[in-house]
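Q: sequence below, structure please.
(2 chains)
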Amino acid sequence: GAGVSQSPSNKVTEKGKDVELRCDPISGHTALYWYRQSLGQGLEFLIYFQGNSAPDKSGLPSDRFSAERTGGSVSTLTIQRTQQEDSAVYLCASSLEGSGAYEQYFGPGTRLTVT
Amino acid sequence: AQSVTQPDIHITVSEGASLELRCNYSYGATPYLFWYVQSPGQGLQLLLKYFSGDTLVQGIKGFEAEFKRSQSSFNLRKPSVHWSDAAEYFCAVGTYNNNDMRFGAGTRLTVKP
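A: You can find the predicted model right below:
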């Protein structure tokens, strides 16, 4: 079946602009995660959605970052007033349920470059 | 909260040689442990996972890992490396009642012909 998809695959934007990154999780997966992978770094947890519960936003680095998940499926990560330090690969993952016991399936990522 | 350390940033091995990638975790209870691989231009793929039971777990592509509670380790091994194994490897730790899975910084594997 279809895996997790993300769009766009690459995004180049000017400093100060807003960007939206999209994630389509695997159908039927109730949990959705966003991570950021900076050059030479591990994966940094950003935000987590589980069903209709309030999202866990504890990993968002600043109030310029926000995310929503519509209808329990597609998610959009928005970065406002982008800064050069936002340049990274943004990965989305989904899992059947939301505890740390379940395998996460990752999308290919969106590479964001802020010039 | 749990944490993961991968002490080796970059490892180079010859094709056909054995491989061991180190992973140490910090967590007060029994963790759920994972190894993921990220090939160039690809998303992360699960290699194997440990939840309970037999401490030696087998994964895909001929990889295995051993959970050692006394050493807080979950090292990944492969007896004979193939050129296609060149990739970035991430160890991760999750818990049942915690949403975020913590990943290590990764180990980049280079395979020499």
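
Q: so what's the backbone phi/psi at B:Gln71?
A: Main-chain dihedrals, B:Gln71, degrees, to the nearest 10: phi -110, psi 0.

Q: ok, it to A:Arg69 distance?
A: Spatial separation of B:Gln71 from A:Arg69 under the definition Cβ to Cβ, to the nearest Å is 39 Å. C-beta: built from backbone N, CA, C; applies to glycine.

Q: what about these two, which has more around it?
A: Looking at B:Gln71 and A:Arg69 with other Cβ atoms under 10 Å in any protein chain shown, you find the greater number of neighbours at A:Arg69, namely 20 against 10.

Q: tell me who's in contact with the more buried one.
A: With contact set as Cβ atoms under 8 Å, 6 or more residues apart in numbering or on different chains, A:Arg69 has these partners: A:32, A:49, A:55, A:75-76.

Q: now with 7 Å?
A: A:Arg69 makes contact with A:32, A:49, A:75, according to Cβ atoms under 7 Å, 6 or more residues apart in numbering or on different chains.

Q: which of these fall within helices?
A: Among the contacts of A:Arg69, no residue falls in helices (DSSP state H).

Q: so which elements touch the helix or strand of chain B at the bottom of the mean pLDDT ranking?
A: Lowest on mean pLDDT, DSSP states H and E among the helices and strands of chain B sits strand B:102-103, with a mean of 85. In this structure, strand B:102-103 packs against strand B:3-5, strand B:87-94, with contacts taken as 3 or more Cβ pairs under 7 Å, 6 or more residues apart in numbering or on different chains; DSSP states H and E.

Q: quickly run through the sheet partners of it, with directions.
A: The strands beside strand B:102-103 in its sheet (DSSP bridges) come out as strand B:87-94 (antiparallel).

Q: what's the strand it pairs with in contact with?
A: Counting contacts by Cβ under 7 Å, 6+ apart, the residues outside strand B:87-94 that touch it are A:42-43, A:100-101, B:2, B:4, B:6, B:21, B:23, B:25, B:27, B:31-39, B:44, B:74, B:76, B:101-104, B:106-109.

Q: state the mean pLDDT of the helix or strand where A:Glu44 lies.
A: Taking DSSP states H and E as the criterion, A:Glu44 maps to strand A:43-50. When pLDDT is averaged along strand A:43-50, the result is 89.

Q: dump that strand to PDB, keeping only the CA atoms.
A: Included here for strand A:43-50 are C-alpha records, laid out as PDB according to Å, rounded to 0.1, in the frame of the first residue of the first chain:
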ATOM      1  CA  LEU A  43      16.100  13.600  14.600                       C
ATOM      2  CA  GLU A  44      14.500  16.400  16.700                       C
ATOM      3  CA  PHE A  45      11.000  15.800  17.700                       C
ATOM      4  CA  LEU A  46       8.700  18.700  16.900                       C
ATOM      5  CA  ILE A  47       5.000  17.800  17.300                       C
ATOM      6  CA  TYR A  48       2.700  14.800  17.700                       C
ATOM      7  CA  PHE A  49      -0.900  14.200  16.800                       C
ATOM      8  CA  GLN A  50      -3.000  11.300  18.100                       C
END
